[in-house]
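*Asks:* Sharing a model that was predicted from the sequence below.
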Amino acid sequence: GIESANKIEAFDNSHLFGTYSVSGMITFTLGLPDKNNYRKYKITCEHHDDFHAMKEVIYRRYFRVLMDDLERPDLIIVDGGIGQINVAREIINGLNLGIPVVGLKKDNKHTTEALLAFEPIEEVKIDKRSNLFYMLERMQDEVHEFTINYHKQIRSKGSLSSILDNIE
């Protein structure tokens with residue numbers, strides 16, 4: 001139900017029991033990864049949950065898109081359920097961007113099962129042998145891997161620091 005899906009941005013969050021919270025954003029242009037437009041975000045909000053992390057990263061990304069007059073995506077995909085879709089839509093609507101936001105639902109084996117779209121949100125089953133499914137799964141895997149790698153990088157730096165590092 002969208003005019004174009006030439007540019008898609010997808011988001012995922014990662015944390016370790018609420019610590020070292022990060023988010024990642026990947027971009028697919030014309031169905032292919034556009035690695036020059038991948039972004040990493042350290043989450044700074046005090047609340048350490050996926051909803052606040054998603055809210056922060058969506059705001060930071062699209063406020064910058066507005067301020068720097070950057071190219072807008074045709075679609076935003078959040079790797080999460082209805083709650084994350086709703087907070088992302090709240091930010092996008094608050095910035096008057098009009099970009100559709102959808103989510104990817106996973107089954108109990110943590111594999112892509114359905115697309116969550118429309119207003120109100122509906123579950124759209126996708127044929128697991130279709131090209132659409134393969135592309136969404138690839139995007140979901142890509143954003144997850146990108147975000148997890150950044151999380152591991154941040155976590156390993158944090159594990160090597162101590163209070164003594166703050167002494168002049």
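*Replies:* On my side now, so go ahead.
*Asks:* Correct me if wrong, but residue 136 is in a helix.
*Replies:* Yes. Checked against DSSP: H, G, I helix; E, B strand; the rest coil, residue 136 lies within a helix.
*Asks:* Let me see the confidence value for it.
*Replies:* Residue 136 carries a pLDDT score of 91 in this model.
*Asks:* Can you list the low-confidence ranges for this structure?
*Replies:* 15-20, 47-48, 155-166 (pLDDT under 70).
*Asks:* one more time with 50, if that's ok
*Replies:* Applying pLDDT under 50 to the chain picks out no residues at all.
*Asks:* How far off centre is stretch 35-46?
*Replies:* Its chain's average C-alpha position is 9 Å from that of stretch 35-46, according to Cα atoms, centre = their mean, to the nearest Å.
*Asks:* my bad, stretch 100-108
*Replies:* For stretch 100-108, the distance to the chain centre is 11 Å (Cα atoms, centre = their mean).
*Asks:* same deal with stretch 115-123?
*Replies:* Worked out by Cα atoms, centre = their mean, stretch 115-123 lies 17 Å from the chain centre.
*Asks:* Give me the distance between the two termini of it.
*Replies:* End-to-end distance for stretch 115-123, by Cα to Cα, to the nearest Å: 6 Å.
*Asks:* burial count for the residue lying closest to residue 98 once chain neighbours are set aside?
*Replies:* Among residues not flanking residue 98 along the chain, residue 92 sits closest, at 7.6 Å (Cβ to Cβ, 6 or more residues apart in numbering). C-beta here means a position set from N, CA and C on the backbone, and glycine is covered the same way. Residue crowding around residue 92 was assessed by other Cβ atoms under 10 Å; the count is 18.
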